[in-house]
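Chemist: Sequence and predicted structure are below.
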Amino acid sequence: MTAQNSRSTARRDSMNAGLRLVLSVLTWVVSIPVLNVLLTGLARRQVLTLTGTGVALVACALLLWAGLIYWWQVPATPSIARRVTYFIAYVAVMALLGLIGVWAAFWATVAIHGL
């Protein structure tokens, strides 16, 4: 390993797992109102028709993204009890933050596009 590689590896590893998890979750939450405003804008300009299928696809993509965040960012443990506890806490926090994201999406859409 060269000196340059060791420096870049040290920089990459300087962000701990907790901070990566928080940043990933916050990015997920912020994407909910952003997607809503963008898709509503496209629907209002008749570029895109929002149907139940389209909304379900976006919801599935957000759920898949949340699952990938859990898979990549939540630390693995040898204890199944601790892993289950992490999972329950993650799902509870993500559900709460998802509701906050939907609430923010509603008000951002109302502020930008009106009722």
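Modeler: Noted; the coordinates are in hand.
Chemist: tell me which element the residue nearest in space to the middle of the chain falls in.
Modeler: Most central in the chain under C-alpha atoms, centre = their mean is W28, positioned 1.8 Å from the mean C-alpha point. In this assignment (DSSP states H and E), W28 forms part of helix 17-44.
Chemist: what's the answer for T77, then?
Modeler: Element membership for T77, per DSSP H and E: none, as it lies in no helix or strand.
Chemist: For it, which non-adjacent residue is closest in space?
Modeler: Residue nearest to T77 in three dimensions, not counting chain neighbours: R83, with 5.3 Å by C-beta to C-beta, 6 or more residues apart in numbering. To be clear about C-beta, it is placed using only N, CA and C from the backbone, and glycine gets the same treatment.
Chemist: Point to the helix or strand of this structure where mean pLDDT is at its lowest.
Modeler: helix 3-13 (a mean of 54; mean pLDDT, DSSP states H and E).
Chemist: Grab the longest helix from the protein for me.
Modeler: Ranked by residue count, the top helix of the chain under DSSP state H comes out as helix 80-113.
Chemist: For stretch 96-110, give the mean pLDDT please.
Modeler: This predicted structure assigns stretch 96-110 an average pLDDT of 94.
Chemist: Mind listing what's buried along that stretch?
Modeler: Buried residues in stretch 96-110, defined by neighbour count with 16 or more other C-beta atoms under 10 Å: 97-98, 101, 104-105, 108-109.
Chemist: now stretch 75-92
Modeler: 86, 90.
Chemist: Check stretch 39-55 too.
Modeler: Along stretch 39-55, these residues count as buried under the neighbour rule (16+ other C-beta under 10 Å): 39-40.
Chemist: which residues sit against that stretch?
Modeler: By C-beta atoms under 8 Å, 6 or more residues apart in numbering, the surrounding residues in contact with stretch 39-55 are 58, 109, 112-113.
Chemist: Apply 6 Å and report the result again.
Modeler: Outside stretch 39-55, the residues within contact range by C-beta atoms under 6 Å, 6 or more residues apart in numbering are 109, 113.
Chemist: Determine the number of other residues adjacent to R20.
Modeler: Other residues near R20 come to 13 when the count uses other C-beta atoms under 10 Å.
Chemist: Can you check the pLDDT for the closest residue to it other than its chain neighbours?
Modeler: Of all residues beyond its chain neighbours, the one nearest R20 is Q73 (5.5 Å), with distances taken as C-beta to C-beta, 6+ apart. Residue-level confidence at Q73 comes out at 89, pLDDT.
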